[in-house]
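> Give me a 3D structure for the following:
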Amino acid sequence: MNSTDTFLNELAILDPAAASPPTDPEAIEGTRLWVLGHDRAAHVADAGAPALAGVSELVTRLQEEPVAPKVRRSHSVRLRVALIGAAAVLVLGVVGVLPSVLPGGGTTTPPAAALPMLAYSEPDGADGPTGLLQLADQVRASTIPDGSGRYFFEHRRYVGYATHEVEVSEGYWEADRLIPIEDDAYRWHDTTDLSGGQLYLRDGEDLGGGETVFAPGEAGSDPRDVPDSPQAIYELIMLNNDQHQRFPGHYLIDAYNFQANGLSQADRANFLEAIALAGDVTSYGRVTDREGRDGLAFGASRFEDAGGETIEIELILILDPATGAVLETDTVYPNDLPGAPDIVEQYDLVVDSRYTDTLPACGTVTCPGAADAG
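Just a heads-up that it's a prediction; the model follows:
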């Protein structure tokens with residue numbers, strides 16, 4: 001097995017179609033960081049240590065060692081596009097072109113053009129806590145009524161990349177390129193008993209395992225359980241978690257992304273003030289999201305060690321300026337290419353989010369569990 005095999009095997013660890021894909025976030029993150037760490041050959045060499053093969057050298061080897069594919073397959077549907085982090089950072093952030101540089105790749109479209117950075121009014125960032133407090137005041141004073149209805153329904157679209165595999169020998173698969181993916185996630189719950197369901201589609205199709213029905217009490221948390229003060233919200237998310245305490249803004253933004261649209265505007269205002277307590281949040285000002293909606297953008301990063309170097313992973317949250325509702329969240333990595341823009345690894349777009357007395361369809365089908373809803 002050569003170093004190219006080792007490198008691709010590390011990528012394959014993240015394959016959820018494998019016999020035993022890791023579910024431990026630390027295992028997944030460790031694999032991603034291993035991949036990133038092996039692009040640092042030049043830095044290691046400069047330090048006088050034996051140089052490991054970096055990504056550029058591995059790409060050259062891949063071009064010189066063509067793979068004879070037997071059967072191609074793509075990954076099965078999964079919860080979040082985020083799990084493609086290792087491969088996406090490898091190709092998008094280091095190589096800088098879509099994986100035509102890898103065996104079997106058929107396109108040379110630069111991924112930065114496929115997932116562009118949005119045009120923020122404050123591209124270099126400004127004071128975040130002040131902007132969050134101002135937004136909280138606007139949301140609290142809004143005359144737009146809170147949503148009402150028995151059911152909460154949300155449709156999100158996740159856009160990014162997934163690894164594609166080829167069988168190079170009997171039962172032995174290797175990642176050969178990245179492919180653009182678009183996942184649609186539909187989720188609903190009954191506010192009276194927290195029963196509900198969800199449906200995940202990859203490019204409009206259920207690839208198996210995408211339907212889930214939740215028994216009463218299992219579909220989510222009750223919005224009434226959200227603490228009623230910013231300090232209490234902050235402590236709930238931060239306490240007893242060292243990683244959260246190191247990067248509070250990042251994890252508060254992540255929590256807001258998945259909870260805010262089901263909350264009242266008063267609770268959103270409290271939550272925004274809780275994020276402002278973090279102190280490590282940046283305001284990117286006004287922006288138009290990928291659905292053409294005007295919003296306000298706030299970002300915060302966490303930093304991971306990769307072979308002695310620090311990798312920044314930023315979440316940028318785009319909010320409705322009147323209600324504080326989540327419109328979009330982008331996951332951004334730095335680009336190692338000199339002078340190149342940062343890379344949007346994935347984006348999470350809220351297509352529809354509302355309370356309703358009549359459940360809409362999940363795409364073109366009845367939502368899982370909806371037929372049994374009272």
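
> which residues touch Leu194?
Residues counted as contacts of Leu194 (CB atoms under 8 Å, 6 or more residues apart in numbering) are 214, 216-220, 222. Every residue, glycine included, has its C-beta placed from N, CA and C.

> Keep only those of these that are in helices.
Here DSSP state H is the test, and those give no hits in helices at all.

> Buried subset of those residues, written for ChimeraX?
Those of the contacts of Leu194 that count as buried under 16 or more other CB atoms under 10 Å are selected in ChimeraX with:
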select :214,219,220
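
> And the contacts of Leu194, which is closest to Ser195?
Nearest to Ser195, judged by CB to CB, of these is Pro216 at 4.5 Å.

> Run through the residues that contact the closest one.
193-195.

> Please repeat the previous calculation with a cut-off of 10 Å.
Contact analysis of Pro216 by CB atoms under 10 Å, 6 or more residues apart in numbering lists 189-190, 192-196.

> what's the answer for Ile237, then?
By CB under 10 Å, 6+ apart, the contact list for Ile237 reads 227, 244-245, 248, 251-252, 254-256, 259, 271, 274-275, 278.

> Which of the residues you listed ranks first by neighbour count?
Counting neighbours by other CB atoms under 10 Å, the top entry in the contacts of Ile237 is Ile275, with 30 neighbours.

> Skipping adjacent residues, who's closest to that residue in space?
Nearest non-adjacent residue to Ile275, counting by CB to CB, 6 or more residues apart in numbering: Leu252, 4.5 Å away.

> That neighbour sits in which helix or strand?
Element membership for Leu252 (DSSP states H and E) is helix 248-259.

> Need the CA coordinates for that helix. CSV is fine.
Output of helix 248-259 as CSV, limited to C-alpha atoms (Å, rounded to 0.1, in the frame of the first residue of the first chain):
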residue,chain,number,x,y,z
PRO,A,248,-18.8,30.1,22.6
GLY,A,249,-20.0,32.2,19.7
HIS,A,250,-19.6,29.3,17.3
TYR,A,251,-21.7,26.9,19.3
LEU,A,252,-24.3,29.4,20.3
ILE,A,253,-24.8,30.2,16.6
ASP,A,254,-25.0,26.5,15.8
ALA,A,255,-27.7,26.1,18.6
TYR,A,256,-29.6,29.1,17.3
ASN,A,257,-29.6,27.8,13.8
PHE,A,258,-31.5,24.6,14.8
GLN,A,259,-33.8,26.1,17.4
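
> What's the mean pLDDT across it?
What helix 248-259 shows for mean pLDDT is 95.

> now stretch 347-355
Here the average pLDDT along stretch 347-355 is 97.

> buried ones in that stretch?
So, applying 16+ other CB under 10 Å, buried residues of stretch 347-355: 347-350, 353-354.

> Taking the contacts of Ile237 together, which two end up most distant?
Gln245 and Gln259, at 19.4 Å, using CB to CB across those.

> re earlier: so which of the contacts of Pro216 is the closest to Tyr284?
For the contacts of Pro216, the residue nearest Tyr284 by CB to CB is His189; the value is 31.8 Å.
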